[in-house]
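>>> Just to be clear, the model below is a prediction. Sequence and coordinates:
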Amino acid sequence: MSTTTCPHDAAATHAAHTGTWTPALRVHVDTCPDCRQAVALVEQLAVLAATTAAIAPPSRSPHALWLCAELAQRARARRRTRRRQLVAAFATPALASIGFTLASGTEGWVHLGQSPAPVTLAAALGVAIAAWVMASPQPHRQS
Amino acid sequence: MDETTFAAFHATTYRPLWAYVRRAAGDAALADDVVQDAYLRLLQARTEGLAEPQLRVYLFRIATNLLHDHWRRTRREVTEDHADPDRASSPPADTLDLEAALAQLPARDRAMVWLAHVEGYEHRDIAQMLNVGEKSVRVLLFRARRKLAAALTAKEITR
């Protein structure tokens, strides 16, 4: 038997699977042991597949699966919102204290003739985070 | 995908998918869990614009990935149990031989043989599902088939 694949084995497998044979392919399979083996395997596996599918237990109803997926999606959205709120809850006071610290230091900067840009930046970040939290989608309430 | 479309898709894919996972996993209970999880993940994925054949490939791919995750977790391949209750249905003797020979193959080979020879997927689709190169599929499939033939021959000799 050869140690390399026959270039026709995919075509032979496909033909055995679909039943669409060309005369040339049929002749080739009769003379090629690898393709013959592939075709025989398709036929044997079809029987095994049929017996296996026949013993498949009844599935959960598609409706139940659909509902489960819906609930999972809602739970994920809820977790996402909670995470954002948590971030906001920690970030806003942190930014406020940074702003306060910087604002306390501006007196010195004003004396040095510099603008208090960090305070403006901290305030803008605080506003941006608050806007982001407000704009985030609210979770569905479970009935 | 709306609920009606999903119900129709489920009706046509459930048994083939279960049979694939059952044979690839070698475990009926695991097959139940994997198949159910695969459908749930499919429903939560963004599948807008996918035609049914593509959805089917996607579903089989999800199931294959779930099997890989399971095997990674357990760090061993599940082998067929000789006291398998599924065999109580008494399939033909040739089928039993093939079933036992298939069970002797490594998990990836089992999956590959099933996807190519039962589901009739093209090498490109199998490559996507099993995360291997498209060109490798042909060679790996050839080797898997060779191993399967050897296992069947060995059973014939020892009979």
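Done, it's in. Numbering: from 1, shown residues only, chains lettered A, B, ... in the order given.
>>> rest of the way, CA atoms for contacts and neighbours
OK.
>>> Quick check: longest helix in the chain by residues?
I'll assume chain A. Taking DSSP state H as the criterion, chain A has its longest helix at helix A:62-112.
>>> Actually, chain B is the one I wanted.
helix B:134-158.
>>> what's around A:Pro57, how many residues?
A:Pro57 has 12 neighbours, counted by other C-alpha atoms under 10 Å in any protein chain shown.
>>> what's around B:Asp109, how many residues?
By other C-alpha under 10 Å, 22 other residues sit near B:Asp109.
>>> same for the longest helix of chain A, what does it pack against?
helix A:117-135, helix B:3-25, helix B:28-44 (3 or more C-alpha pairs under 8 Å, 6 or more residues apart in numbering or on different chains; DSSP states H and E).
>>> State the distance from B:Thr74 to B:Arg23.
Here B:Thr74 is placed at a distance of 18 Å from B:Arg23 (C-alpha to C-alpha, to the nearest Å).
>>> out of these two, which sits in the more crowded spot?
Each of B:Thr74 and B:Arg23 has its neighbours counted (other C-alpha under 10 Å); B:Arg23 has more, 23 against 10.
>>> isn't the more buried one right next to B:Asp109, touching?
No: look at B:Arg23 against B:Asp109 with C-alpha atoms under 8 Å: they stay out of range, at 11.0 Å.
>>> What average pLDDT does the longest helix of chain A get?
For helix A:62-112, mean pLDDT is 79.
>>> so how far is it from its chain's centroid?
Here the centre of helix A:62-112 is set off from its chain's centre by 23 Å, with C-alpha atoms, centre = their mean, to the nearest Å.
>>> swap in stretch B:19-33?
8 Å.
>>> end to end, how far does it reach?
Stretch B:19-33 has an end-to-end distance of 13 Å (C-alpha to C-alpha).
>>> One more: stretch B:99-107?
Span of stretch B:99-107 from end to end, C-alpha to C-alpha: 13 Å.
>>> ok, is the longest helix of chain B in contact with chain A or not?
Yes: using C-alpha under 8 Å from any C-alpha of the partner chain, we find that helix B:134-158 touches chain A at B:Arg138, B:Val139, B:Phe142, B:Arg145.
>>> Tell me who's in contact with the last one.
Shown in contact with B:Arg145 (C-alpha atoms under 8 Å, 6 or more residues apart in numbering or on different chains): A:Ala38, B:Val113.
>>> buried sites along stretch B:131-140?
Using 16 or more other C-alpha atoms under 10 Å in any protein chain shown as the test for burial, stretch B:131-140 gives B:Glu134, B:Val137, B:Arg138, B:Leu140.
>>> Give me the nearest residue to the last one, chain neighbours excluded.
Nearest residue to B:Leu140 in three dimensions, chain neighbours excluded: B:Asp109, at 7.6 Å (C-alpha to C-alpha, 6 or more residues apart in numbering or on different chains).
>>> by how many degrees do the helix or strand harbouring the one you found and helix B:134-158 diverge?
When elements are assigned from DSSP states H and E, B:Asp109 belongs to helix B:107-117. Angle between the axes of helix B:107-117 and helix B:134-158 is 100 degrees (criterion: axes from the mean of the first three to the mean of the last three C-alpha atoms, to 10 degrees).
>>> any idea which helix or strand comes after helix B:107-117?
Following helix B:107-117 in sequence, per DSSP H and E, is helix B:123-130.
>>> Flag every buried residue along that next one.
Using 16+ other C-alpha under 10 Å as the test for burial, helix B:123-130 gives B:His123, B:Asp125, B:Ile126, B:Ala127, B:Met129, B:Leu130.
>>> My guess is the fourth one contacts B:Val139. True?
Meaning B:Ala127. No: using C-alpha under 8 Å, B:Ala127 is not in contact with B:Val139; the gap is 11.8 Å.
>>> Now the residue nearest the centre of chain B: closest residue in space that isn't a chain neighbour?
Compute the mean C-alpha point of chain B, and by C-alpha atoms, centre = their mean the closest residue is B:Tyr20, 3.3 Å away. Spatial nearest neighbour of B:Tyr20, excluding adjacent residues (C-alpha to C-alpha, 6+ apart): B:Trp114 at 6.6 Å.
>>> A:Ala54 and chain B, how far apart?
For A:Ala54, the distance to chain B (C-alpha to the nearest C-alpha, to the nearest Å) stands at 8 Å.
>>> which residues does the residue nearest to that residue when sequence neighbours are not counted contact?
Leaving aside its sequence neighbours, A:Ala54 sits nearest to B:Arg15 (C-alpha to C-alpha, 6+ apart; 7.7 Å). Contact partners of B:Arg15, counting by C-alpha under 8 Å, 6+ apart, are A:Ala53, A:Ala54, A:Ala56.
>>> Kindly state the pLDDT recorded for B:Arg15?
pLDDT, B:Arg15: 93.
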